[in-house]
Each structure stands twice: as C-alpha cells, then as structure tokens.
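Engineer: Predicted coordinates and the sequence they were generated for:
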Amino acid sequence: MADLFSAEWMASFQNIWNAEPGLSDELAKIGFTSTIAYGFSGDAAPTGVLVVENGKAVSGGAYDGQELSWDIRAKQGDWEKWLKKPPGMMGLGMAYTSRKLQFEQGDYGAMVKDPRMAGPFVKSFAAMSKA
C-alpha cells in the first residue's frame, strides 16, 4: 500500500473517485470544480491534491503549491481510523467540532448545509478507504 496522500495513493484515489457514481456523478450534476488538498495537522503544507472538474477527478498527485479550494487536515492516526471505518455525517460533524478534522481552506459549514455537497463529502471518505 502506498503512503497515505502520496502521489501514488492520490492517483489511486482519483480512479476510485471517478468510479464512485454517488460521488463523481452527484458532483457533476452541480458542476463541482475544486482543487482539494489532503494532509496532516501541524504540517506546513498538505501532502496530496486532487483536482476535480465538473465532478470528475482529472488529476491526483503530490501537492506542489497549487492554489487550493479546500485543504483538509487531520492527524495521521485519525485518517487511518477513518480509512478503516469511514465516518458518516454525524461522525464527520463530531470530528470537525472536536478539531480532529480541520479545514485550512474551504467552508465546512456551507458545504454541510448543502445536501448536494454533503452527501458526496461523506462518500469521499468511503472512496478513500478503497485507495
């Protein structure tokens, strides 16, 4: 298994993202386009990045200074726990309020209030568990 959020891991995640209709197809319906970074709490920069255009992941790789729409961070142990047992909306809400899940960039509150984005966000954690 590739290191979490490494270029190899992100390329695998890109393929899984696109194969998950509840994720890519739902986001395509709303024209979701974003550059999403993932990484670890306390690090100066995120580790991996996924570029999404109209719901489809068009690239996944190492973070290299790209301008970000979202920068999502957590401790390594929390990511690993979520990959073993992907959280639902309640679990993600608790992780956010307890600061286990941090948004260095992006508006978590606005995202979870929009069911067109909240559902796919939860599904992205299930997709991550397959990478």
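Structural biologist: Alright, I've got the coordinates. From a predicted model like this one, the values you see are computed outputs, not experimental measurements.
Engineer: and residue 19, how many neighbours does it have?
Structural biologist: When counting by other Cβ atoms under 10 Å, one arrives at 12 neighbours for residue 19. To be clear about C-beta, it is placed using only N, CA and C from the backbone, and glycine gets the same treatment.
Engineer: separation between it and residue 96?
Structural biologist: Using Cβ to Cβ, to the nearest Å, we find residue 19 at a distance of 27 Å from residue 96.
Engineer: Check residue 127 too.
Structural biologist: Note on residue 127: its distance to residue 96, by Cβ to Cβ, is 19 Å.
Engineer: Which one's more surrounded, these two?
Structural biologist: residue 127 (22 against 16).
Engineer: list the helices and strands the helix or strand of the chain with the lowest mean pLDDT packs on?
Structural biologist: The helix or strand of the chain with the lowest confidence, counting by mean pLDDT, DSSP states H and E, is helix 108-113 at a mean of 86. When contacts are defined as 3 or more Cβ pairs under 8 Å, 6 or more residues apart in numbering; DSSP states H and E, helix 108-113 packs onto helix 89-97, helix 115-128.
Engineer: let's go with 6 Å and repeat that
Structural biologist: Packing contacts for helix 108-113, counted by 3 or more Cβ pairs under 6 Å, 6 or more residues apart in numbering; DSSP states H and E, involve no helix or strand.
Engineer: neighbouring contacts of it?
Structural biologist: Identification of contacts with helix 108-113 by Cβ atoms under 6 Å, 6 or more residues apart in numbering yields 96, 117-118.
Engineer: For my notes, please list these in CSV and give distance to residue 50 and pLDDT for each entry.
Structural biologist: Formatted as CSV, the contacts of helix 108-113 follow (distance: Cβ to Cβ, whole Å; pLDDT from 0 to 100):
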residue, distance to residue 50, pLDDT
96, 20, 93
117, 15, 92
118, 18, 91
